[in-house]
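# mind looking at a prediction? Sequence and model below.
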Amino acid sequence: MGYVRAHIRLNTAAEATELISTLNSDGTTTHYTIESFDKTQRVNARSLLGVLYAITDFNDEMYFVNETDPAMIPSCIDKYRVNA
């Protein structure tokens, strides 16, 4: 089964902290990840350490994924989407 992913970019630790804070305060147990373009690297989007790693290692090819409901991307991600 396929899934939806959003191409995002986080440029600073402050942006990462803001995103994580928003995700962690949504009141759900939804599992979010950030993965590289080729899906070889994946981190927990609710983890500061994971997101900072993603920023340093694959920021140009960073994709947000909702692992719990693969067809739904939360609207708070729109702020970080890369315009095509």
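Sure, I can see it.
# surely Gly50 meets Gln41?
No. With contact defined as Cβ atoms under 8 Å, Gly50 does not count as touching Gln41 (10.2 Å). Bear in mind the C-beta positions are built from the backbone N, C-alpha and C, glycine included.
# who's the residue sitting nearest the centre point of the chain bridged to?
Centroid-nearest residue in the chain: Phe64, 3.5 Å away (criterion: Cα atoms, centre = their mean). Counting by DSSP bridges, Phe64 is bridged to Ala6, Ile34.
# from Gln41, how far out is Lys79?
According to Cβ to Cβ, to the nearest Å, Lys79 stands 23 Å off from Gln41.
# those two - which one has more neighbours?
Neighbour count, other Cβ atoms under 10 Å: between Lys79 and Gln41, Gln41 has more, with 15 against 11.
# for the nearest residue to that one once chain neighbours are set aside, which three-state class applies?
Take Gln41 and drop its neighbours on the chain: the residue closest to it by Cβ to Cβ, 6 or more residues apart in numbering is Phe58, 5.9 Å away. Under DSSP: H, G, I helix; E, B strand; the rest coil, Phe58 falls in the helix class.
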